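1. Take a look and give me a structure for this.
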Amino acid sequence: MIPRRVRNAVLIAFLCHGLFILTARYRLSYDAFTHMLFAEHYAENWFSLWEPRWYAGFTVVSYPPLTHQLVALFVPVLGFEKAFALILWLVTTLYPLGVYAFSRIFIGRVSASYAALVSSVLLPIYVAAHIFGQLPFLASTLLSLVSAVSLNRYLREGGLHNFLLTVSLYATTMALHHASLLVQPFLIFAVLVNHSLGAGRKTQWRQFILRVLLICPFAILSSFLVIWPFWQWGAHQTMQTPIDHLSRHNFFTDPLASAVFFFPMYGPLFIFIPFLLRKCQPRFIGLLISFAVLFLLGLGGTTPLPRLFFGDSWEWLTYDRFAFWASLTLTPFFGMLYIGLRRKFRFTSTLRPTAIRRGVIPGLTWSFFTITALGAWLTPYFFRLQPDPIDTQPIVDFLNAPERSAYRYLTFGFGDQFVYLNLLTDATTIDGSYHTARTLPELRVSGIGQIDTVYWALKGIPAIDAIMKKSGEYGVRWGFVNRKDFVPALQKMGWVYLKTLSNGIQVWENPQALVPEASSAREADPFTAFSWGSFPFLSLVTTLSLGALRIMPVQAERVLRGVHVILVGLIPLSLCFWYYRTIAAFPHARVYFTYTDALFFITDALAVFAVVLWLSVIIARSSNDTGQTSLLILPSSSRPRSIRDFIFHPSSFILFLFLLFFLSSLSVLWSRDWHISLYISLHFWLVFLLILSLGDWNRSWNFVMLGLTAALSFQIVLGLIGFTLQSTAFLKPLGLNWPGLLDPLTPGAVVVR
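-> Numbers count the residues shown, from 1 in each chain. Here you go, the predicted structure:
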């Protein structure tokens, strides 16, 4: 059961973050529109790896896709902005649950509930969500906390279910954002120390070491495989000229850096740091060390630690994320200190204990945190982080004209609103807001983030001179100026003032612009595109299934059974549609490509998801054969059998299929083309597992028959329509009337035999 305080914390987070989101505070953030562009890319073409709108084209495998793909699912219904807001609202609302679960590893139920309560108004979450707009980072960090919880449970209990859930969580976390790779070692270290030195239980060292040695390689391998194109792309990257960032400044000599990246990251929690070492138990040593290192890394260039940790690469990292993680590791200590303060004042204060417990201490504490959270609301007004909102419609109308859309454009002084313009038009630019992905040499050596925002950068407007000289060769013809400070630089490069739009934006033209070559998508091989579009989402489905069965086994199984029924019911209907994705091509002369190339049909997708749901329940059941699961309350006829039941007590038909498909897999060894044999054998095994799931959950057969009936009806209707169209085309030249043929009583009807 979730404690009342935690439920209240979720409600507070829902309302407070909802106020920010419903008033669209994310529009004033740095990265929100960037993530919307990625999401819209996947909504338009899920498996495309090439985005042409920035940097004259760049590959999207430079950023893990899962968060953007989740937003993309809702883009067709809600639009890119509301879809982003929905996922952001969901992630920020769930943070108290993640903090509570993580805190329970180290502290008691009551203290952890207070930690969750404070996380509902924790300033760093508001800053990351509504000022920085870092949705993928927030989602990945939230799942990192849950991964630590699952790891702790696996180390304590073992079991296949806990093992696979932990591995799946680490893979899904990596698919959300690659920065989780930097925080996972600290969380794992804290969990391992707590488990080995935890009070109240005797550590079985042999079992503990074996479980650690077993989980580590599988977690690492799954994290690599789920986004392997990202690691492949990163292995061939060369470092760009570092871009200045305030989080790398010395906080003692730069007050602005500390005002932006220190005090907002810790807020009221900072006053609790001196109390951390008081009455610290040995099992907290791992968490304390993790906090200390994260805290020092979060200071950026204030200390030499980042240089020691990351070497020359330290200048390409931003250190606000380390401060964010450090603040999260403080929340369990706040829960303990809050309980201690309540007990101390209960016995030493002259006021009534009830007043202290229910009034003074809680009131002062939560008012303090709430006021700091409101600071995130007021920050865009106190610190002008972005220019005033710009009406982009006149610019969109200008660019969409046929004689103009063939050229590229640049904006000057729009701030991060220039990304919003990128979302509204198909015209392309050599600028962008994801610096890691750019390939143009002039941008890589420039040492600036965006051309548009160079006015606010340390190097200033002169830093874009080299880029502007080459812009005409890249097809940049149009320039939209919001800040007049850019005008001298444009005049220096020979640009010509064209006109001023109705929104006050000046339009400048580059007379030296060449018509850019038609942008062709530089797609990778089919398997890379397929794995990028499917592996992350498959890991999420697996995690959600196994996680739900761990938290609410009975309710989750019923839901998974219902989804399984729908999926298998759609399989016959999906066979009517010849929609596929090429995984790999192995062409052979005079052989039709469907018999050589590896194709993934929509039917295969339904079957894979159905099998994953069924296997999740089977795994959960197998891990709880001792009777500790509430699945035992299900009727005996609907109980899922364990894996041992299928292996050691198969029916003759299942055994026959197993042997047949096993032999088909062996044919890979002597096949003339082992690729095709492997592809076909994998399809056989998918069919085999689907049959097993239908045999176990036999009630699904009713919906399979219903789907088959719908498919046959659909085919009959299509056949009649096709026959009608073909017959009409055949009879019209003969002067025959088709409607008359349908009714033999119609005068002049002709019977054709």
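
2. all contacts plus neighbour counts: C-alpha atoms, from now on.
-> Fine.

3. so who does residue 500 touch?
-> With contacts defined as Cα atoms under 8 Å, 6 or more residues apart in numbering, residue 500 is in contact with 506, 507.

4. Please name the bridge partners of it.
-> With DSSP bridges as the criterion, residue 500 is bridged to residue 506.

5. roughly how far apart are it and residue 682?
-> Using Cα to Cα, to the nearest Å, one gets 62 Å for the distance from residue 500 to residue 682.

6. for the stretch 501-650 of the chain, which spans come out with low pLDDT?
-> Using pLDDT under 70 as the threshold, the predicted model of the stretch 501-650 of the chain has low-confidence ranges 518-523, 624-650.

7. That one: strands as residue ranges?
-> Chain-ordered strands for the stretch 501-650 of the chain, with DSSP state E, counting those that start in this stretch as the definition, fall at 506-509, 580-584, 598-601.

8. give me the element residue 480 is part of.
-> Here residue 480, judged by DSSP states H and E, is contained in strand 476-481.

9. Checking residue 46 next. Helix, strand or coil?
-> Here residue 46 is recorded as coil under DSSP: H, G, I helix; E, B strand; the rest coil.

10. Tell me the spacing between the residue nearest to it when sequence neighbours are not counted and residue 45.
-> Residue nearest to residue 46 in three dimensions, not counting chain neighbours: residue 533, with 6.3 Å by Cα to Cα, 6 or more residues apart in numbering. Applying Cα to Cα, the value for residue 533 to residue 45 is 10 Å.

11. okay, the two: which has more neighbours?
-> The residue with more neighbours, out of residue 533 and residue 45, is residue 533; 21 against 13, by other Cα atoms under 10 Å.

12. Isn't the more buried one up against residue 47?
-> Yes. Counting by Cα atoms under 8 Å, residue 533 sits close enough to residue 47 to count as a contact (5.3 Å).

13. Quickly note the distance from residue 222 to residue 164.
-> Distance from residue 222 to residue 164, counting by Cα to Cα: 10 Å.

14. wait, residue 561
-> For residue 561, the distance to residue 164 - Cα to Cα - is 20 Å.

15. Looking at those two, which has the bigger crowd around it?
-> Applying other Cα under 10 Å to residue 561 and residue 164 shows that residue 164 carries more neighbours, namely 23 against 19.

16. and the more buried one, which of the three is it?
-> Assigned state for residue 164: helix (three-state reduction, three-state DSSP).

17. Which pLDDT value goes with it?
-> Among the per-residue scores, residue 164 shows a pLDDT of 95.

18. how about low-confidence regions in the chain?
-> Counting by pLDDT under 70, the chain shows low-confidence ranges at 198-203, 267-272, 275-280, 341-385, 518-523, 624-651, 726-753.

19. Can you give me the buried ones in the lengthiest helix in it?
-> The helix of greatest length in the chain, counted in residues with DSSP state H as the criterion, is given as helix 700-731. Neighbour-count burial for helix 700-731 flags 700, 703, 704, 706, 707, 708, 710, 711 (criterion: 16 or more other Cα atoms under 10 Å).

20. and of these, the nearest to residue 496?
-> Set against residue 496, the nearest of those by Cα to Cα is residue 711 (62.6 Å).

21. which residues touch that closest one?
-> Applying Cα under 8 Å, 6+ apart, we find residue 711 in contact with 572, 573, 574, 575, 576.

22. And for residue 261?
-> 246, 247, 320, 323.

23. Pick the one among the residues you listed closest to residue 720.
-> For residue 720, the closest of the contacts of residue 261 turns out to be residue 320, at 64.2 Å, with distances computed as Cα to Cα.

24. tell me the contacts of that closest one?
-> By Cα under 8 Å, 6+ apart, the residues touching residue 320 are 247, 261, 262, 265, 298.

25. Next one: it relative to residue 298, how far apart?
-> Counting by Cα to Cα, the separation of residue 320 from residue 298 is 6 Å.

26. Any idea how many residues pack against residue 555?
-> The number of residues packed around residue 555, counting by other Cα under 10 Å, is 14.

27. Report the secondary structure element holding residue 173.
-> Residue 173 is located in helix 160-176, with elements delineated by DSSP H and E.

28. helices or strands up against that helix?
-> Helix 160-176 sits against helix 66-78, helix 135-157, helix 180-197, helix 205-226, helix 526-551, helix 602-622, with contacts defined as 3 or more Cα pairs under 8 Å, 6 or more residues apart in numbering; DSSP states H and E.

29. what sits up against that helix?
-> For helix 160-176, contacts defined as Cα under 8 Å, 6+ apart pick out 64-67, 136-137, 139-141, 143-144, 146-147, 150-151, 153-154, 180-181, 215, 218-219, 222-224, 226-227, 536, 539-540, 542-543, 546-547, 619-620, 622-623.

30. can you map out the strands along the stretch 301-450 of the chain?
-> Ranges of strands in the stretch 301-450 of the chain, per DSSP E, counting those that start in this stretch, are 408-412.

31. quick one, helices of it?
-> With helices called from DSSP state H, counting those that start in this stretch, the stretch 301-450 of the chain shows them at 305-310, 320-348, 353-355, 361-382, 393-399, 402-405, 417-424, 441-444.

32. related to what we said a few turns ago, taking the buried residues of helix 700-731 as a set, which two sit the farthest apart in space?
-> With distances taken as Cα to Cα, the most widely separated pair in the buried residues of helix 700-731 is 700 and 711, at 16.4 Å.

33. Mind giving me the packing neighbours of the host helix or strand of residue 264?
-> Assigning secondary structure by DSSP H and E places residue 264 in helix 263-266. Using 3+ Cα pairs under 8 Å, 6+ apart, the elements in contact with helix 263-266 are helix 123-130, helix 320-348.

34. State the distance from residue 441 to residue 44.
-> Residue 441 sits 29 Å away from residue 44, going by Cα to Cα.

35. repeat for residue 605
-> According to Cα to Cα, residue 605 stands 19 Å off from residue 44.

36. which one of the two has more residues nearby?
-> A side-by-side neighbour count of residue 605 and residue 44, using other Cα under 10 Å, places residue 605 first with 17 against 12.

37. From residue 124, how far out is the more buried one?
-> When distance is defined by Cα to Cα, residue 605 is 39 Å away from residue 124.

38. List of residues touching the helix or strand just after the strand holding residue 480?
-> The C-terminal neighbour of strand 476-481 among helices and strands, as given by DSSP H and E, is helix 487-492. Surrounding helix 487-492, the residues in contact under the criterion Cα under 8 Å, 6+ apart are 461, 462, 465, 481, 496.

39. contacting residues for the residue lying closest to residue 319 once chain neighbours are set aside?
-> Here the nearest residue to residue 319 in space, its sequence neighbours aside, is residue 298; by Cα to Cα, 6+ apart that works out to 5.0 Å. Residue 298 is in contact with 247, 319, 320, 321, 322, 323, 324, 326, counting by Cα under 8 Å, 6+ apart.

40. how does it look with 6 Å?
-> For residue 298, the contacting residues are 319, 320, 322, 323, by Cα atoms under 6 Å, 6 or more residues apart in numbering.

41. Check residue 549 too.
-> With contacts defined as Cα under 6 Å, 6+ apart, residue 549 is in contact with residue 556.

42. could you redo the last one with a cut-off of 7 Å?
-> Each residue near residue 549 by Cα atoms under 7 Å, 6 or more residues apart in numbering is listed here: 556, 557, 620.

43. And for residue 334?
-> By Cα under 7 Å, 6+ apart, the neighbours of residue 334 are residue 115.
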